[in-house]
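**Student:** any chance you can model this:
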Amino acid sequence: MALHTEAVSLELFLLSPCQAEEHVELLTAIAHFHQTGARLDLGHTVNFGRPWLKDSRCSFGLISLPYPFDPALENASIVGKRVRALWLLPITSDERSFKGSSGLSALETLFEQRQFNYLDPLRRSVVEMAHSSP
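**Tutor:** Predicted coordinates:
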């Protein structure tokens, strides 16, 4: 995503239960936005402009720490260049709104409490789950 002149290259990865050309298009559009529009970083959200996958409730992405992986993934060195790899986590509009009103830490706490399946494109919003449980 980063220009070759930057000291630290910010890169995003997306996990999915399937391969899809739409993922390449999505990551390309986000990289273009990062280079020509607003600079993206940890905690930012992006609007996918469509569902992540067919019939998915997730139409936004949260730029997150790569929690499912070894912490060394976040800060790597490739051919002598520092690379920061962050996770583009598909989220719902409810989750994006919750992050806006309650903060990133509160949303991450809900993710942890609900132990949601981040690979399930049809998953319920963790905010919805929190409101429907006692």
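
**Student:** just the helices in this structure please.
**Tutor:** Applying DSSP state H to the chain gives helices spanning 21-36, 93-102, 104-114, 126-132.

**Student:** how far does the first one sit from the chain's center?
**Tutor:** So that's helix 21-36. Mean-position distance between helix 21-36 and its chain equals 13 Å (C-alpha atoms, centre = their mean, to the nearest Å).

**Student:** just the residues contacting stretch 12-20, thanks.
**Tutor:** If you take C-beta atoms under 8 Å, 6 or more residues apart in numbering as the criterion, stretch 12-20 is touched by 1, 23, 26-27, 30-31, 52-53, 61, 63, 66, 68, 85-88, 90, 118-121. Just so you know, the C-beta spots here come from the backbone N, C-alpha and C atoms, and that holds for glycine as well.

**Student:** buried ones only from those residues, please, as a ChimeraX command.
**Tutor:** Selecting only the buried entries of the contacts of stretch 12-20 in ChimeraX, with 16 or more other C-beta atoms under 10 Å as the criterion:
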select :1,23,26,27,30,31,52,53,61,63,66,85,86,87,88,90,118,121
